[in-house]
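# My questions are about this predicted structure, shown below with the sequence.
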Amino acid sequence: MTAQTRPAPGASLMTVRPGGRAFSIAVIVPVSHGADSLVELYRDYSEPLRAQSGWSFEFVVVAEPWYRDLTSPLVALAARGERIRVFHVGQSVGETTLLRVGLANTDAEIVVVLPAYRRVEPAALRELVQRVSDGADLAVARRWPRRDPWINRLQTRAFHALIGGLADGRLHDVACGVSAMRREVLERAPLYGDLLRFLPVFAIRQGYQLEEIAAAQHAADGRARVHGPGTYLRRLVDLLGLVFLLRFTEKPLRFFGLIGGLLTSGGGAVLTLLLLQRLAGRGIADRPLLLLGVLLVVLGVQAIALGLIGEIVVHLHAGHQRGYRLRDAASRTDRPA
Amino acid sequence: MSARPGITVVVPVFNEQSNVTPLVDAAARALAGMSWELILVDDGSDDGTATEAARIARGDRRVRVIRLARNFGQTAATQAGFDHARGNVVVTMDGDLQNDPADIPRLVAKLNEGYDLVAGWRERRHDTLLTRRVPSWLANRLIRWLTGVPIRDNGCSLRAYRSELLERVRLYSDQHRFIAAVAAALGAARVAEIPVRHHARRWGRSKYGLARAPRVLADLLTIHMIRSFRERPLALFGLGALAAAALGFAFATAAVISLTSFGVAKANAVVLPGAALLCWGLACYLVLLGLLAEVALREEREANPGVLPVAHQEGV
C-alpha cells in the first residue's frame, strides 16, 4: 500500500475537535505493533505540554484495526473533553502510512512523533518542541543515558555504524523515534513502508536544520531485545533501500552500471583467457569455464540494461521534481508564468 | 515585482566569499545600460558567502540571492537559478572569476543573431595541463561524438541561453557538465560558439578533480541513450538483443559442428548448447526490457504531449 493521506474506507472518523480551532502542536501516535497502555501514555506525555503556557496541543492516535481495545479507553477520555482524536484505518498499512493519516487530519504547525511505546522520559517532549519553536526544523531524541542491557546498546551501536556515513555521523539513536518537527519536514519526506525511522536521515540529506538531544531513557524501555533473524534481515533490506533511495535515485545507471560493469569485466576476463588458450591450440568446447564466462557477461549486460530503464524513468520524472531545496521560503521568488 | 529584465545572469557560488563582490561589480560594469538581473545561487556555502551576497543584494535591487538548504551541487544550483530567472536571455557563469563578465554582451549579441544557445570557449586556458586540460580535451571529443552537438568546450560555464530553451530542459544528477549538449540535443537548439577570456583563479581553491571521470562516462551514456532513443527505445534494446542472438547463433553453430564431426557420444553436449541458450535468453530479456521502456515512454507522451523543440519562423 502506498502513501495514503485519508483513512481507508471503514475507518471510524472521530471528529472530536474541541472548539474547532487549529492546534499548534499535534502529537501523532501510530499504533501498529501493539502498545503499552495508551491512556497512561497520554497521561504521562501530555503532562509536560500542558504545563507550558501558550502551547496548545492535541494527541492524534492512528491505529490499525486490531487495536480497538487499546484505543477505546482513549475514545472515552476524548468524550470527556481530553485533547485526543482517534483514527482507525481498515487495513494493516505500516507506521509510515499511519503517520501520514494523522498528519492529514491535523493542521498543527509542529508535529511530534511519539511511538506507542514509552522510550524516553516525558519531559523530553517539552525540550523537543522548544527546539523546534526556537528555529530547528527537526529535533530528535536520543536515549541517553541508557539504562537498558548491553545487548540493546550493542545493536544500536552496530546499526549506527552502518548508517553513520549517510547521516554525516550526526545521529546516535534512530530507533528511538521520538521527535518533533515542522510539519513541512514530514510532508516532504519521501518515506514509505518501514522507512519512517530514517526520517532524520532524509532530513539531513535535504538540508534541514536538525538537532539531536539527549533524553533520559524511560524505565519501561529497559528490557533486553533480541529479535528473530527475520527482523534483522528486514532491517538490512530497509538499509539497502535507503542507500539506494538517497544516493542513486537520480542516477540509477551508476549503481546498476557498477554491478554490471564488474560482472561483465569478470566474464570478459574469463572469455579472454579461453580465447588465448584456444589460439594456443587447446579446445574449449568441453570447458565449463566457457559457460561461466558467458553467464557473467549475460548477467552484466542485464544489469546495465536495467540501469538504462531506470534512467529512462528518472528522465521522465525529472520535469516534475527538483533536486534541491531552498533554505527558507523568504528567499523564494517564483518564476512568473 | 519589477518589470522583467532582459538578461538574467545566473551564478552558482560555493564558498566564494572573496569573489562575490568583485564578480557582481564586474558584471554591473559589463552590463551597464542594459536591463539585467543577477541571481547568486548560494549552494550551501559555509564561509560567509551567503552574508556577503545578502549584503550586496540589499544594496542593489538587480541582485537576487537564492540560498539552497545545503550543498546540492552545481547542477541543482544551476537549475535553481534557471527556475528563478525572469529574463528572456539567461547567462550562466562560474562564481570564481575565471570567466570574464565583460564577455556577456558579446554572447548576448551573438544570441540575438538568431541562436538559442551561445557557448563560450576558452581560447587560452589557465589551468594545469595534465590534470585539467588533457582530460577536458578527451571529454569534449567524447561529448561531441555522443551528443552530436559541435561544442568544443563543455567545461566552460559562460553561456547564454534563450529562456524558451531552458523551459524545455530539466537538469538533474551531474548534468551541468554537459548542460549545453543536453539543452541543444533535447531542445533541438541552434548553437553557436564564440571565444571568451579565461583568467587564472585569483581567490579560493578549485573544486574539481580527476575522480569524476567514471561518473561522467555513465552520465554521458545516459544522455546519449535518452537523446537518440527517446523516440524509439525498442531500437536500442532491439540492437542489443540482435547482437546477443547472433552470438547465440554462433555458439549453436559451433555445437552443431562439434556434434556432427565427433558424434553424439564423444562431443560435449552441454557447454556449447548451454552458451547458445544463455545468449538467446539474454536476447529475449532485452526485447522485453525494450517493450518496458516503450511503456514508460508512452505514459509520458500521453501525459505530456506538448513538448516541442524550439522552432523559428523564417524571415521574421
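Happy to help now that I have it.
# ok, for A:Val294, nearest residue in space, not its chain neighbours?
Nearest in space to A:Val294, with sequence neighbours left out and distances taken as Cβ to Cβ, 6 or more residues apart in numbering or on different chains, is B:Ala275 at 4.5 Å. In short, each C-beta sits where N, CA and C put it, glycine included.
# how about that neighbour, secondary structure?
For B:Ala275, the assignment made with DSSP: H, G, I helix; E, B strand; the rest coil gives helix.
# Tell me how far it lies from B:Phe249.
B:Ala275 sits 11 Å away from B:Phe249, taking Cβ to Cβ, to the nearest Å as the criterion.
# So between these two, which is more surrounded?
Set B:Ala275 next to B:Phe249 and count neighbours by other Cβ atoms under 10 Å in any protein chain shown: B:Ala275 wins out with 25 against 14.
# For that one, give me its contacts.
Residues in contact with B:Ala275, defined by Cβ atoms under 8 Å, 6 or more residues apart in numbering or on different chains, are A:290-291, A:294, B:248, B:251.
# how close does it sit to B:Leu166?
Using Cβ to Cβ, B:Ala275 is found at 50 Å from B:Leu166.
# Next: A:Ala123.
When distance is defined by Cβ to Cβ, A:Ala123 is 52 Å away from B:Leu166.
# more crowded one of the two?
Here A:Ala123 and B:Leu166 are compared on neighbour count by other Cβ under 10 Å; more neighbours surround B:Leu166, at 25 against 15.
# give me every residue that touches the nearest residue to that one once chain neighbours are set aside.
On the basis of Cβ to Cβ, 6+ apart, the spatially nearest residue to B:Leu166 that is not a chain neighbour turns out to be B:Phe82, at 5.1 Å. Applying Cβ under 8 Å, 6+ apart to B:Phe82 gives the contacts B:10, B:90, B:166, B:171.
# three-state assignment of the second one?
So that's B:Val90. Three-state secondary structure (criterion: three-state DSSP) places B:Val90 in strand.
# could you show me where the strands are in chain B, in order?
Residue ranges of the strands in chain B, as given by DSSP state E, are B:7-13, B:36-42, B:63-67, B:89-92, B:117-122, B:159-162, B:191-196.
# Now render the ones you listed as a markdown table, adding distance to A:Val111 and mean pLDDT.
Compiled in a markdown table, the strands of chain B are given as follows (distance: least, Cβ to Cβ, whole Å; pLDDT from 0 to 100):
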| stretch | distance to A:Val111 | mean pLDDT |
| --- | --- | --- |
| strand B:7-13 | 33 | 95 |
| strand B:36-42 | 29 | 95 |
| strand B:63-67 | 25 | 94 |
| strand B:89-92 | 39 | 95 |
| strand B:117-122 | 45 | 90 |
| strand B:159-162 | 41 | 93 |
| strand B:191-196 | 49 | 91 |
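# Can you give the domain ranges for the chain?
If you meant another chain, say so; for now it's chain A. Domain assignment for chain A, taken from automatic domain parsing, gives A:18-247, A:252-317.
# could you do chain B instead?
Domain assignment of chain B by automatic domain parsing yields the ranges B:7-229, B:233-303.
# Tell me which of those sits most buried.
Relative to the other members of the domains of chain B, domain B:7-229 carries the highest mean neighbour count by mean count of other Cβ atoms under 10 Å in any protein chain shown, namely a mean of 19.
# gap between the two ends of that domain?
Looking at domain B:7-229, the gap from its leading to its trailing residue is 34 Å under the measure Cα to Cα, to the nearest Å.
# got the residues of the stretch 151-300 of chain A near chain B?
Proximity of the stretch 151-300 of chain A to chain B is confined to A:205-208, A:250-251, A:253-254, A:257, A:285-288, A:290-291, A:294-295, A:298 under the rule Cβ under 8 Å from any Cβ of the partner chain.
# any low-confidence regions in the chain?
The chain I'm using is chain A. Counting by pLDDT under 70, chain A has low-confidence residues at A:1-23, A:328-337.
# oops, chain B please
Across chain B, the stretches falling below the confidence threshold (pLDDT under 70) are B:1-2, B:126-128, B:130, B:201-212, B:230, B:264-267, B:300, B:303-308, B:315-316.
# what's the closest of the contacts of B:Phe82 to A:Ser53?
Using Cβ to Cβ, B:Val10 is the member of the contacts of B:Phe82 that sits closest to A:Ser53, with 47.8 Å.
# Quick check: closest non-adjacent residue to the most centrally placed residue in chain A.
Relative to the mean C-alpha position of chain A, the nearest C-alpha, by Cα atoms, centre = their mean, is the one of A:Leu196, at 2.1 Å. Beyond its immediate neighbours in the sequence, the residue positioned closest to A:Leu196 (Cβ to Cβ, 6+ apart) is A:Thr96, lying 4.4 Å away.
# what helix or strand is the one you found on?
Secondary structure from DSSP states H and E places A:Thr96 in helix A:95-104.
# again with A:Asp107
Assigned by DSSP H and E, A:Asp107 belongs to no helix or strand.
# how many other residues sit next to A:Ala285?
19.
# residue contacts, it?
Contacts for A:Ala285 (Cβ under 8 Å, 6+ apart) come out as B:254-255, B:258, B:267-268, B:271-272.
# Assign it to helix, strand or coil.
Once three-state DSSP is applied, A:Ala285 turns out coil.
# how far away is it from B:Phe249?
In this structure, A:Ala285 and B:Phe249 are separated by 16 Å, where distance is defined by Cβ to Cβ.
# Check B:Val256 too.
When distances are taken as Cβ to Cβ, B:Val256 and B:Phe249 turn out to be 10 Å apart.
# Quick check: B:Trp280 touching B:Ala244?
Yes. In terms of Cβ atoms under 8 Å, B:Trp280 counts as a neighbour of B:Ala244; the distance is 7.3 Å.
# I'd like to know which elements the helix or strand harbouring A:Gln302 is packed against.
A:Gln302 is located in helix A:288-317, with elements delineated by DSSP H and E. Helix A:288-317 makes packing contacts with helix A:252-279, helix B:213-229, helix B:233-266, helix B:271-303 when contacts are defined by 3 or more Cβ pairs under 8 Å, 6 or more residues apart in numbering or on different chains; DSSP states H and E.
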